[in-house]
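>>> Return atomic coordinates for the entry below.
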Amino acid sequence: MNQKILPIIFLFAIGISFAQKRPVTHDDYDLWKYISSSKVSKEGKLVVSTMATATRRGDGYIEIYNTKTQNKKRYFNGVESKITHDEKYVIFKKKVPYLIDRTEKKNKVKAKDKQKDVLYIYDVDSDMIYDSITRVKSYKLAKKNSDYVVIEKFKNKKDSIKGDSLPAWKNNYALVYNLKTKNQDTIFDIKDIIVPEEGTRFYYTKKSEKRKKKAKGIYAYETTSSSKKVIDTLLYDYKKLQSNKLGNQLVYIAERDSVETDSIPFKLFLYKENKLLPLVENEEQGFGKNETLSDFKSPFFSENGERLYFYSKIKSQYKKDTTLLDEEIPQVDVWNWNDKVTQPRQKANADSYKEDTKLRYYDVQKNRYVKLQDDVLDDVDLSNEKYISKYVVGYDNTPYAVETWKIPFEYDYYVINMETGEKRLLIKKATSVVDISLDGKYGIYFDNTTNDWISYNLETLERYNMTKSINVSFANEDNDVPAPARPYSSAGFDKDGNLLFHDKYDIWSVSLDGKAKPKNITKKGRRKKITFRTQREKDNIWLTKYVDGRILLLGFDEKTKSDGIYFLDEKGKLKTAIEPDNSSIYGVQKAENSDVQIFRKGSFTEYANVYVTTDNYKTYRKITDVNPHQKDFKWGTSELVSWKAYDGTKLEGVVYKPEDFDPSKKYPMIVYFYERSSDELNDYSIPQPSASIVNESYLTSNDYIMFVPDIVYKTGQPGDDAYNCVVSGVEMMEKKGYVDSSRMGLQGQSWGGYQVAYLITKTNKFKAAMAGAPVSNMTSAYGGIRWGSGYSRMFQYEKTQSRIGKDLWEGFDLYVKNSPLFSLPNVETPLLIMHNDNDGAVPYYQGIELFMGMRRLRKPAWMLVYNNEAHNLRKMKNKQDLSIRMMQFFDHYLKDAPAPIWMTKGVPRKEKGINFGYDLDKE
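I've put the predicted structure just below:
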């Protein structure tokens, strides 16, 4: 008898546990938090994590974890943390609580009267707050000096301080705070501060009493003696301050006077060994007649401080006619078919085209100038400058600038001798970037024509094919766009100087001169279907990360969509540190001087918290617990499914099910897709307002099935390919028995939105569909502009995502066939569209064409247009609104919920912002 009762009681208890949980609602989004940053200290003693609300409508916290004591401290609303170099202090700001900030905004409190952030200094040894500073705007801490912090404080009428040249409330001021003694020194009227990585000196400028946006002087502060030194106060303005790492050199640009004349407006100064040296005194002699010093880009020092880089600019041939009134100046963009760069691209990249700058440097040791960028080069790449000895590369896109429909873009690459500025042509019509090896002797380039990695001897320009003997592809094996496949990334240099490359699964070691035989160092990746990837050193992305003499690897198991952590030793032995276990792992960081490491680990059912290991993964501990309230909500599960498309292609997808899923029930299903998403099987989905798409966790919590099928493509038929993969996958799901075939919906954004619009012209299987920012007419979209970048949209249709593979004139029939607009009479599915009036990716009129076509044909359609919003929503108020309306739409059609007023009666423009129309129409 008892044996029969126990299972019944057990089942009853399970039912009660589920009953106690509730579904996620739109009002719950503010509960969820995410980890905005995590960092580990130099010796690995401290891990500091910052948590913020996903909606920004609430308060977060900061957690300080001591790996030695395993103690943890949490501080409300902590942000912007830094750990001192000696690990004795953690410095962070405490934000003003959200409700106070909101109330002040609502009451229109003036900025000067609003509450301000507080700076806290946490003492590690005493495990408590050491000191706090109120009304803080910002602070600066030297990377390798733990003695002081410079704190900029907001002006405050109550803070008038004796000895100030002006009342303190007139301008912000700075405190120089000694972390060991708590002593403070004050700098009044502060404007700009530059704190070097090392050394005991920093630099600053002070505001002018009469000219608030200008600096009245530039000064040095010596922290060991708390002494201030005037560097220069004779000129009109001082800006673009930069110091070298050690802080014993400073460069800045000064403006001579406020009068606009034909004279040279700017001067460049170097402060070194307590001496001020004006540079480029004779511009015409240094630059020639057509150039002058530019203040548009900041000067900067090389890694070793021996070179001071700065920019000149081409003098404009024209001056504004100041005799004309604004109303007399025409406002016109002149488009010329011979322009190398179109007007929209110039507008979208206005800063880049504001000045035609040329890079130069001043040799601090040899007192000489070298011009690195001539009239041919568009830019010079200095990303490897600190690692090389003699060469850098520059590139020129001008010969191919008009051909923006070509993908990848083409460039001519040149080798530049750093000593002389002399350039030599390296590669004509290059389609990949050229990097430079650590020793500075070789250029590294991926050849799209052969899919091989190539090296160039930068001295002799000899070319070596480093991977020609390897019979696997180093370009994307899954490429399905009508353009050359992009390469898998470099894996960095190992400690012996060998260059490593990724293929789809494994890692290969090659020699730069192409002479040594390439070696597969991971060996089993392709056989086991595990994608191995190296991790990089924090301060040198070209160096692969080692732990205890072994290469640290992340491995993604293609079969389970799980991540693992591995070590590869010098003998090529691969050891698993963390087995792939239906989790995603990322964010691996290592302490600079110890083997303490942190990483993020999570799954669809558990947020990716921070873990720490102090013994190279023999053990590891979870040290954060973000979103513990999740236990109070119904959640869901994720499951990998597979099927064959109509054409026989093997496909995968992800099914998300409610937590209390009952296979004997029938569930409504929403199908979401983009291209391929099955690798995201184990990714956590924070319930939050949507920028454009449905939320997996919200749907499963509210008793929806969500299905996300992968899509593969062939050239010229993107619409039919979507049908081939999506509808075949939906039919596979219907056969499982738990999907209500009469209650299925579609949702997609951008490319996904296009596919939604196309699918409802080919099938009436779905009861409702939502398309965000969809292309509806490829013929009109083809000639449009991507306003965000200024590029013509032609490349997208011919070579990339739209996959037509031909231009409009050659493939006109394909453009028409793949355009939903021309098949709208077939539509029977109610459609919700979102297309925003400041969309920089898909022209806004594409949504209008789709909506007006549906309206003309009397098909049920609604369109949400968020004002001054981009392709995906950015403002939280609009994300919240979309989430509510999108789910009201689906709930109505897929769950028989009453329709909201905005769907039945609409929202008149005169009621915009007053009547949201959320109320359900129960008539």
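
>>> What separation is there between Asp807 and Gly783?
When distance is defined by C-beta to C-beta, to the nearest Å, Asp807 is 11 Å away from Gly783. To be clear about C-beta, it is placed using only N, CA and C from the backbone, and glycine gets the same treatment.

>>> list the residues that contact both of the two?
Taking C-beta atoms under 8 Å, 6 or more residues apart in numbering as the criterion, Asp807 and Gly783 both touch Met794.

>>> who's in contact with the spatially closest residue to Ala591 that is not a sequence neighbour?
Among residues not flanking Ala591 along the chain, Gly44 sits closest, at 3.3 Å (C-beta to C-beta, 6 or more residues apart in numbering). Counting by C-beta under 8 Å, 6+ apart, Gly44 touches Thr67, Ala591, Asn593, Ser594, Asp595, Val596, Gln597, Thr614.

>>> Now do the strands in the stretch 751-900 of the chain.
For the stretch 751-900 of the chain, the strands defined by DSSP state E, counting those that start in this stretch occupy 768-772, 785-786, 791-792, 831-834, 861-864.

>>> Would you list the strands that the first one pairs with, along with their directions?
Which is strand 768-772. strand 739-749 (parallel), strand 831-834 (parallel) (DSSP bridges).

>>> Any chance of CSV for the ones you listed, columns mean pLDDT?
Shown next, in CSV, are the strands paired with strand 768-772 (pLDDT from 0 to 100):
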stretch, mean pLDDT
strand 739-749, 98
strand 831-834, 98
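
>>> Tell me which of these is the most buried.
Ranked by mean neighbour count, the strands paired with strand 768-772 are led by strand 831-834 with a mean of 26 (mean count of other C-beta atoms under 10 Å).

>>> roughly how far out does it sit from the chain middle?
Offset of strand 831-834 from its chain centre (C-alpha atoms, centre = their mean, to the nearest Å): 28 Å.

>>> now what about that strand, what contacts it?
Contacts for strand 831-834 (C-beta under 8 Å, 6+ apart): 692, 749, 753, 757, 760, 768-774, 847, 850-851, 854, 859-866, 882, 885-886, 889.

>>> Pull out the CA atoms of that strand and give them to me as CSV.
What follows is strand 831-834 as a C-alpha-only set of coordinates in CSV (Å, rounded to 0.1, in the frame of the first residue of the first chain):
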residue,chain,number,x,y,z
LEU,A,831,1.5,40.0,-40.8
LEU,A,832,3.0,42.3,-38.3
ILE,A,833,5.9,44.4,-39.6
MET,A,834,8.4,46.5,-37.8
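
>>> all strands for the stretch 251-400 of the chain, in order.
According to DSSP E, counting those that start in this stretch, the strands that the stretch 251-400 of the chain contains are 266-272, 275-279, 291-293, 300-301, 307-314, 357-363, 368-371, 379-381, 391-396.

>>> mind giving me TSV with those strands and columns for distance to Val816, mean pLDDT and mean neighbour count?
Shown next, in TSV, are the strands of the stretch 251-400 of the chain (distance: least, C-beta to C-beta, whole Å; pLDDT from 0 to 100; neighbours: other C-beta atoms under 10 Å):
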stretch	distance to Val816	mean pLDDT	mean neighbour count
strand 266-272	56	94	20
strand 275-279	62	94	13
strand 291-293	52	91	20
strand 300-301	53	94	19
strand 307-314	47	94	21
strand 357-363	46	94	21
strand 368-371	53	94	16
strand 379-381	41	94	17
strand 391-396	39	95	23
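
>>> Present these as JSON lines; the columns should include distance to Tyr672.
Converted to JSON lines, the strands of the stretch 251-400 of the chain look like this (distance: least, C-beta to C-beta, whole Å):
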{"stretch": "strand 266-272", "distance to Tyr672": "54"}
{"stretch": "strand 275-279", "distance to Tyr672": "58"}
{"stretch": "strand 291-293", "distance to Tyr672": "54"}
{"stretch": "strand 300-301", "distance to Tyr672": "45"}
{"stretch": "strand 307-314", "distance to Tyr672": "47"}
{"stretch": "strand 357-363", "distance to Tyr672": "45"}
{"stretch": "strand 368-371", "distance to Tyr672": "54"}
{"stretch": "strand 379-381", "distance to Tyr672": "40"}
{"stretch": "strand 391-396", "distance to Tyr672": "40"}
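
>>> before we move on, back to that, quick one: buried ones out of the contacts of Gly44?
Buried members of the contacts of Gly44, counted by 16 or more other C-beta atoms under 10 Å: Thr67, Ala591, Val596, Gln597, Thr614.

>>> Let's verify the nearest residue to the third one once chain neighbours are set aside: helix, strand, or coil?
Translated: Val596. Nearest residue to Val596, sequence neighbours excluded (C-beta to C-beta, 6+ apart): Gly44, at 2.7 Å. Secondary structure, DSSP: H, G, I helix; E, B strand; the rest coil: Gly44 is coil.

>>> what's the spacing between Gly44 and Ile314?
On the measure of C-beta to C-beta, Gly44 and Ile314 end up 51 Å apart.

>>> thinking again about what came up before, reformat the strands paired with strand 768-772 into a markdown table and put distance to Asp192 next to each item.
Below are these laid out as a markdown table (distance: least, C-beta to C-beta, whole Å):
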| stretch | distance to Asp192 |
| --- | --- |
| strand 739-749 | 42 |
| strand 831-834 | 43 |
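
>>> of those strands, which approaches Thr715 most closely?
When those are compared by C-beta to C-beta, strand 739-749 sits nearest Thr715, at 21.1 Å.

>>> what residues does that closest one touch?
666-674, 692-694, 705, 730, 733-734, 754-756, 759-760, 765-774, 829, 834, 872, 886, 890, 893-895.

>>> again, only this time at 6 Å
666, 668-673, 692-694, 705, 733-734, 755-756, 766-770, 772, 890, 894 (C-beta atoms under 6 Å, 6 or more residues apart in numbering).
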